[in-house]
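# next input, structure requested:
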Amino acid sequence: MPFSRRDFLQRGGLFLGLGLLAPSFVTRAVDAAGEMPLAGPSSAKTSLVVIQLGGGNDGLNTVVPYADRAYYSQRPTLAIAQGDVLPMSDAVGLNPSLSALKPLYDGGALAIIQGVGYPNPNRSHFRSTDIWTTAEPDTNGTTGWLGRYIDAQCCGTAVPSQTANDLEGVEIGNQLSKALWTQHAMVPAVSSLAQFQLATDPHYPTSRDARISTFRQIYSQQPGSDAYEALLTHAGLTALDTSDVLTKVASGYKTTVKYGTDPFSQSLRQIAQLIHADLGTRVYYASLGSFDTHANERKVQDALLKTLADGVAAFMQDLQALGKSDQVAMMTFSEFGRRVKENAGNGTDHGTAAPMFLFGSKLKGGLYGNSPSLTDLDTNGDLKFGIDFRQVYATLLKDWLGADAPAVLDGASYPSLGFVQSTSNA
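Now for the predicted structure:
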C-alpha cells in the first residue's frame, strides 16, 4: 500500500525528528481557526528573557530581611547571619550566594519587586505554576500570557505567516512551558541549537540531504481543505526552516565571556546566541530548579542561587559585549515563596509571596514595594502579598514590549510599576 502525504502528516512526520512540541500550536490552533489577533505586529526591537525558578523559591532567604528580629526568631537555623548579608538598604539585603548580582544592583541594572503574589494563593506546585504561566488565577487557562503576547505579533490566521526569520518566541529546554502556549504561532522548545535537526538514520549519513529534500517536497505539496492537514503542513515547513536557521546560529556565534558548564548557564549562552543572530525573537524562556526546599534548604538553595547569579552575570556581560544590552530585559519568577517558620527538616514548606528580579540596562533599578511583614500574616500564617504579579507583567508588556497589556491580561488594566526607562515602545 503506498504511503501517502496525508498518512505521513497524520502520523506526526517531522515533529518527532525535530522535537517540536505540538501542545503550543497544533492541538489548539485547529480550534482557534478564524479568531482575530489581539494586536498588530510590532516593529520594536526590545525582547524579554523569562527565567522560571521552579519549585517555589524561598524569598526570605533570597532578599533577606536582616533587620527584622522575627526573621531570626522564626528561623533559628536557616536564617542568614546579618554579617553575611549583602545590604541593599538598612532593612533588606541579598543572600551572599547572589554576590555576582550585587554589582548589577549597585549599577542600577537590577530591580527587585518585593512581596509579589496574588489573591487567594494556591500552594500546589501545579496549580500555582498554572496561575503564574497563564495569568488567570480564577480559571484554567488554555493559553499562556506570553503565548497570547506572541499571538499578538503574528497575523492571527489559522495558518500563520510566521517564519524561522521571525521566530517570535523560543524556550531553551526539553518541554514547552504553558506560559508559551499559543493559539496561532508555533513556539519551539529547543534543548540544543546545534542539534535541533531532523533525525535521519545515522547508519546512512550520505542519504541525509536526500531524505530532508524528500520531507520538504512532501510538506510543500498544496494542502487540501482540511484545517488539520494545512496546519501540519505549515508546521512541518516551519520546523525545517527553523532547523536550518538555528543550526547556522549555533555555528556563527563567538564570545569571550566564560559561562558555567551547568545546564542553566548554557541555556543563557544559547539565548545570547539567538539574540546575536537577530532573528526577530521577542520572548526567550529558560528554567532553573528545583527550589522545593522542604529539607536541607541552605545547601540546596544557596547552590541554586549561585548558579542563577553567575549565569545571569555572564549573560549580562555577554549582552554588553554584543551591543545588545539596551534591547533586552530579564525577569525571574517562582510559583510561590516559602513559609516564614522553618520546619523540622531544616527547610521550609510551601508559602505565598516572594520577590521577583528584573535585569536590564534600560530598567530603573532598586527596590519596589515593601518587604512583607513577618508578624502580620494571613489566616494560614503566611506572608501577605503587596503587589499582584500581573502588575509586573503589565508593566513589561506595555512599557517594555509595547504591547496592549489589557488584551493579553484578560481585559484587566494594572498601573505601571515604573521600573522601565523610556524606550521606543513607550
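
# show me where the stretch 51-200 of the chain has its helices.
69-74, 102-106, 125-134, 145-153 (DSSP state H, counting those that start in this stretch).

# ok, and the closest non-adjacent residue to Arg75?
Glu342 (4.7 Å; CB to CB, 6 or more residues apart in numbering). Where you see a C-beta, it was placed from the backbone N, CA and C, and this is true even at glycine.

# which residues in the stretch 301-426 of the chain form helices?
389-395, 405-408.

# residues making contact with the last one?
Taking contacts as CB atoms under 8 Å, 6 or more residues apart in numbering, the residues outside helix 405-408 that touch it are 38-39, 135, 145, 148-149, 152, 393-394, 397-398, 412-414.

# adding mean neighbour count as columns, could you present the helices of the stretch 301-426 of the chain in CSV?
Formatted as CSV, the helices of the stretch 301-426 of the chain follow (neighbours: other CB atoms under 10 Å):
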stretch, mean neighbour count
helix 389-395, 22
helix 405-408, 20
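
# can you check which of those gets nearest to Asp262?
Ranking the helices of the stretch 301-426 of the chain by distance to Asp262, with CB to CB as the measure, places helix 389-395 first at 26.7 Å.

# which residues are in contact with that closest one?
Residues from elsewhere that reach helix 389-395 (CB under 8 Å, 6+ apart): 113, 116-118, 132, 135, 145, 331, 333, 356, 358, 405-406, 408-409, 412-420.

# hmm, back to that, so which of the helices of the stretch 301-426 of the chain is nearest Thr139?
Nearest of the helices of the stretch 301-426 of the chain (CB to CB): helix 389-395, 13.6 Å.

# using CSV, list the CA coordinates for the closest one.
Extracted in CSV, the C-alpha atoms of helix 389-395 (Å, rounded to 0.1, in the frame of the first residue of the first chain):
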residue,chain,number,x,y,z
PHE,A,389,2.2,39.6,39.7
ARG,A,390,0.0,40.7,36.8
GLN,A,391,1.1,44.3,37.6
VAL,A,392,4.7,43.2,36.8
TYR,A,393,3.6,41.5,33.7
ALA,A,394,1.5,44.6,32.6
THR,A,395,4.5,46.9,33.1
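
# and that helix, how far from the chain's centre?
14 Å (CA atoms, centre = their mean, to the nearest Å).

# give the rounded mean pLDDT of that helix.
On average, the pLDDT along helix 389-395 is 98.

# do stretch 138-152 as well
Across stretch 138-152, the per-residue pLDDT values average to 95.

# enumerate every residue touching Pro415.
Pro415 touches Gln391, Ala394, counting by CB under 8 Å, 6+ apart.

# mind doing that once more with 7 Å?
Gln391 (CB atoms under 7 Å, 6 or more residues apart in numbering).

# count of neighbours near Gln317?
Neighbourhood size, Gln317 [other CB atoms under 10 Å]: 17.

# on that earlier part again, filter the contacts of helix 389-395 to the buried ones?
Buried by 16 or more other CB atoms under 10 Å: 113, 116-118, 132, 135, 145, 331, 333, 356, 358, 405, 408-409, 414, 417, 419-420, out of those.

# how close does the nearest residue to Lys364 once chain neighbours are set aside get to Arg148?
The shortest distance from Lys364 to any non-neighbouring residue, by CB to CB, 6+ apart, is to Phe419 (5.1 Å). Per CB to CB, to the nearest Å, Phe419 is found 22 Å from Arg148.

# before we move on, what about Glu335?
Glu335 is 19 Å from Arg148, by CB to CB.
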